[in-house]
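Colleague: Quick one, structure for this:
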Amino acid sequence: MDPRTLQFTAFCLFSAFCVAGGYAARRRNLVGEHVARPMHLITVSFVWGAVALLSLWRLPPLTENLWLILIEPILVAVPAFGVIPIARRMGCDNKQTGVIATAAGLGNLGFTLGAYLCYTLLGGPDGQGEAALAYAVGQVNLMAMSGVLMLYPLARHFGGQEEGDPSIAKLIFKSFFDLRALMVHCAIVGVILAYLKIPYPAVFDDYYILDILFYLGGFGGYFGIGLRLRLGDTRRYLREHALLAGVKFAGIPLLSLGILALVNLTPTPLGELGQKVVIVEAFMPVAIQCVMIANLFHLDGRMASTLWLVNTVLFALIPLPVLVFLLG
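Modeller: Okay, the predicted model is just below:
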């Protein structure tokens, strides 16, 4: 097996064991479900924040990279809003429609899947893994910001507002300035360092700091997911699973290829590596943020958890082996 493929396979197995470990720990009453929230907060804020800063520090300071600022919001908005009439035709109620829309718009592009896949499999003999990671991290941060600005209002529309809920404007503002937004601010610092051409310290490579942070982030993210995982209701949403699989593994990849084709007609197209990252990330399954948004906005949380789980399993069975074969 190619060393890069082996590296990614090891991370996938580690992630699966973390989910299973969290699930088993809760079932055996060894760790309470309440631990998931602070674990995710620490992971998203500090561990993922550090990865964002270090990886984007290596982002090539090229004008063409600004295309990502336009591309990613489109890849969030078109699937999310486009799937709404289909969900309505399928008979989904408001809360279920909101879940399907957020699930369609948000993909697992980050350090727990998409970014690590780009890091390990797009490096190639030229050692471009860090640059691929930088593009992927930039994309996931743009997805997160687009999700707050576009999908928070959508989720509030379908979930309704209960007594004591903050206004949508206050919630959006807080989302960019509380501790959970630290990853976005770290990403901005990383981009500034890159464009100021401040040298990246070699010590981070010498001691494999990024790889250590990846595994710490994988543990914090997936073990916390396992603590809250509820197996069941899978057969209840067969049509919804099929719809999301079509959107995630066919619709968004085709949309991404179409956008890149238009970008390539301009005088400053996105570079080859950046385009590869966009295409790989286009196949990623539902993001765990879908479950978080469902809980935050009173959508169907159980449905969100089931859609995330099944879509991730389908990704592991179908697109992932093809991607590994083509890129490994």
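Colleague: now stretch 6-15, how far from the chain's geometric center?
Modeller: Offset of stretch 6-15 from its chain centre (CA atoms, centre = their mean, to the nearest Å): 17 Å.
Colleague: Equivalent analysis for stretch 141-161, please.
Modeller: With CA atoms, centre = their mean, you get 15 Å for stretch 141-161.
Colleague: avg pLDDT for it?
Modeller: What stretch 141-161 shows for mean pLDDT is 87.
Colleague: May I see the buried residues of it?
Modeller: Under the neighbour-count criterion of 16 or more other CB atoms under 10 Å, stretch 141-161 has 141-148, 150-152, 154-156, 158-159 buried. (Each C-beta comes from the backbone N, C-alpha and C, glycine too.)
Colleague: for stretch 34-44, same thing?
Modeller: Neighbour-count burial for stretch 34-44, counted by 16+ other CB under 10 Å, picks out Val35, Ala36, Met39, His40, Leu41, Thr43, Val44.
Colleague: For Arg228, which non-adjacent residue is spatially closest?
Modeller: Ala36 (5.1 Å; CB to CB, 6 or more residues apart in numbering).
Colleague: Name the residues that touch the helix or strand encompassing the one you found?
Modeller: In the assignment (DSSP states H and E), Ala36 maps to helix 36-42. The contact list for helix 36-42 (CB atoms under 8 Å, 6 or more residues apart in numbering) reads Gly22, Leu179, Arg180, Gly220, Gly221, Phe223, Gly224, Ile225, Leu227, Arg228.
Colleague: to the chain's geometric centre, what's the distance from it?
Modeller: Centre-to-centre, helix 36-42 and its host chain are 17 Å apart (CA atoms, centre = their mean).
Colleague: Repeat that for stretch 203-213.
Modeller: Chain-centre distance of stretch 203-213: 22 Å, with CA atoms, centre = their mean.
Colleague: OK, contacts around Asp300?
Modeller: By CB under 8 Å, 6+ apart, the residues touching Asp300 are Lys95, Gln96, Gly98, Val99, Ala294.
Colleague: give me that answer again for 7 Å
Modeller: For Asp300, the contacting residues are Lys95, Gln96, Val99, Ala294, by CB atoms under 7 Å, 6 or more residues apart in numbering.
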